[in-house]
Each structure stands twice: as structure tokens, then as C-alpha cells.
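return a 3D structure for these sequence lines:
(one chain, ligands or ions: 2)
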Amino acid sequence: MAHKAYLTRREVLAACHRLHSPKLSNEENRAVFGKCNHPNGHGHNYVVEVTLHGEVNPKTGMLMNVTCLKEYMKSAIMDTMDHKNLDIDVPYFHDHPSTAEHVAIYIWQNMKKYMDDPSLLYEVKVFETENNIVLYRGE
Ligand SMILES: Nc1nc2c(c(=O)[nH]1)N=C([C@H](O)[C@H](O)COP(=O)(O)OP(=O)(O)OP(=O)(O)O)CN2
Ligand SMILES: [Zn+2]
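Ligands and ions are numbered 1, 2, ... in the order given. This next block holds a predicted model:
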């Protein structure tokens, strides 16, 4: 009988950003985003958890070797976002305000590009701060 399991790996990345929407005026941006719209930006130590869901291979006892998941997360997350200015260095955020919601969606889409079997991707969780958490499941 096949058993299904969830496998999660966590990475921590440092990045800076500014919340600012090109679809809003400067005044509207200040009203909507408040201190997070400060022109010089601010930083976070983002904690990102990626969860896979699938069958445990009875021969290996693994859903996926964590070493593989680590490599996917390095390519999809760490190489593109760690120690970067999200708004400048990551093209996705040139036209998407760098909210934690968009960070989670970006990571989801990028993980799918790198994974050999993207159907295993179940959830991306982003802790922007200890208190602000976004969970995305591709819906
Ligand atoms: N829906 C969202 N709202 C906000 C986001 C977001 O990504 N999605 N992001 C921010 C800011 O980027 C901001 O950095 C949050 O910082 P802060 O308010 O300081 O964070 P905390 O809530 O953890 O700090 P407290 O000390 O608890 O106030 C704003 N909104
Ligand atoms: Zn922020």
C-alpha cells in the first residue's frame, strides 16, 4: 500500500524592499503602505517553508531526497532573492508590489520551473516577520 506524506524544508533569506504600486499615485501609495512605502526601503529576514505532498517511495522511504529539494530551493529562491533588493534585482517585482503575498506567489511559480515533478509542490509559506505570515497553495 502506498503511503502519502508531506515534506517541508525551511530556508532563511535576507532581502530589502519597499512597498510601492505603480498603479497608485505617490499619495495613494503613502496612504496604503504607510511606513513600508518609505523611499529608501527596509529589510527582512524572510523565512520560507516549501512543502511537498506525495507518495513515499517504498524502496527509498522518501517522498523526495531533501538534498534535491534543497537544490530546487537554492535555484528558485536563494540564488534569486537572498541579499538582494527585491524591487530592483528580481524582474517579477518590477510590476508586482513586493508584498509577502507576491513573494509567496513568485516562489511558487519559480519552484515549479525548477522541479522535475512540479505536481509534488503543495504549499509555500513566507514569514515576512515573526508576526506576518502568508501561505500560498497555487490557487
Ligand atoms: N498584506 C500585507 N500587508 C503588509 C505587508 C505584506 O507583505 N502584506 N508588508 C508590510 C511591510 O513590508 C512591513 O515590513 C511589515 O512590517 P511591520 O509592520 O514592522 O511588521 P510586524 O507586523 O511584524 O511588526 P510589529 O512590531 O508587530 O508592528 C506591511 N503590510
Ligand atoms: Zn517589508
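
show me which residues of the chain sit near ligand 1.
Counting by C-beta under 6 Å from any ligand atom, the positions of the chain adjacent to ligand 1 are L19, C36, H42, T99, A100, E101, E128, T129, N131, N132. C-beta: built from backbone N, CA, C; applies to glycine.

max pairwise distance over the residues you listed: which two?
Farthest-apart pair in those is H42 and E101; separation 17.4 Å (C-beta to C-beta).

ok, those two, which is more surrounded?
E101 (15 against 11; other C-beta atoms under 10 Å).

which residue packs closest to that one, ignoring adjacent ones?
V134 (5.2 Å; C-beta to C-beta, 6 or more residues apart in numbering).

beta partners for that neighbour?
Here V134 sits in beta bridges with V126, as judged by DSSP bridges.

burial check on it, number of neighbours?
V134: 16 surrounding residues under other C-beta under 10 Å.

and if you look at E55?
E55 has 11 nearby residues by other C-beta under 10 Å.

relative to P39, how far out is it?
Distance from E55 to P39, counting by C-beta to C-beta, to the nearest Å: 50 Å.

with A14 instead?
From A14 across to P39, the span is 20 Å (C-beta to C-beta).

neighbour count winner among these two?
A14 (12 against 7).

what's near enough to touch that one?
The contact partners of A14, by C-beta atoms under 8 Å, 6 or more residues apart in numbering, come to G43, H44, N45, Y46, D82, H83.

other residues contacting the longest helix along the chain?
Ranked by number of residues, the top helix in the chain under DSSP state H is helix 100-114. Outside helix 100-114, the residues that touch it by C-beta under 8 Å, 6+ apart are 46, 48, 50, 72-73, 75-77, 80-81, 86, 90, 92-93, 96, 118, 121, 124-126, 128, 132-136, 138.
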